[in-house]
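**Q** based on what follows, work out the 3D shape:
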Amino acid sequence: MQLRRGALLVLFLATAACSPGAAMLGTADGGVTVTAGKTVIYSDALAPGWEDRSWVTHDLANSSPVSAGTHSISVDFVPYAGISFSLPAGVSTTGAANLEFDVHGGTAANPAIAATAEIVVNGPWGPEVNIAPYCAGGAIPAGAFTHCKVPLSRKPRA
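**A** As a prediction, this is how the structure comes out:
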């Protein structure tokens with residue numbers, strides 16, 4: 001995984017790095033289950049089959065703040081650190097339109113958070129995508145969660 005600056009989650013393997021600060025991730029829906037065309041990576045816990053390959057201080061059972069459910073992922077981002085999840089069995093992106101998640105800006109609005117993905121095992125990593133423009137209102141607020149919907153058209157396809 002080639003990283004330049006911070007990140008959050010991704011669809012197949014994981015995400016990248018960002019400027020110093022904390023961010024919390026949560027999901028509005030649950031669990032790796034594929035239901036109604038959704039593949040769940042995290043819902044109060046990492047979904048079955050997914051592996052945590054992060055290289056940053058983080059907590060997968062953070063109790064506050066949360067956007068839904070009882071837990072969120074807290075991340076203490078520093079330069080060249082990232083939170084990363086892998087599903088060794090792979091996941092089909094056929095028919096998938098977006099990578100969706102909730103993010104909390106921590107103490108600063110619009111933290112520089114980017115996402116990237118490796119769609120093919122041992123393949124190239126896609127371009128980093130700044131997630132803020134894909135969040136509700138086009139920004140990540142300080143002190144609150146917002147829903148982000150990053151189009152997979154911005155990511156590489158297998």
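**Q** direction included, what does the helix or strand containing Phe85 pair up with?
**A** Per DSSP states H and E: Phe85 is located in strand 85-86. The sheet places strand 85-86 alongside strand 51-52 (antiparallel), with pairing taken from DSSP bridges.
**Q** now for the helix or strand following the strand it pairs with, which elements pack on it?
**A** Sequence-wise, the next helix or strand downstream of strand 51-52 (DSSP H and E) is strand 57-62. With contacts taken as 3 or more CB pairs under 8 Å, 6 or more residues apart in numbering; DSSP states H and E, strand 57-62 sits against strand 72-77. Glycine gets a C-beta too; all of them are placed from N, C-alpha and C.
**Q** rerun that using 10 Å as the cut-off
**A** If contacts are counted by 3 or more CB pairs under 10 Å, 6 or more residues apart in numbering; DSSP states H and E, strand 57-62 sits against strand 21-26, strand 72-77.
**Q** list of residues touching that strand?
**A** 22-26, 42, 44-46, 52, 54, 70-78, 81-83, 85, 104 (CB atoms under 10 Å, 6 or more residues apart in numbering).
**Q** repeat the analysis, applying 8 Å as the threshold.
**A** Met24, Tyr42, Ala45, Leu46, Asp52, His71, Ser72, Ile73, Ser74, Val75, Asp76, Ile83 (CB atoms under 8 Å, 6 or more residues apart in numbering).
**Q** most neighbours among these, please name it.
**A** Val75 (31 neighbours; other CB atoms under 10 Å).
**Q** what's across from it in the sheet?
**A** Ala23, His58.
**Q** what does Ala115 give?
**A** Where Ala115 sits in a bridge, its partners, by DSSP bridges, are Val129.
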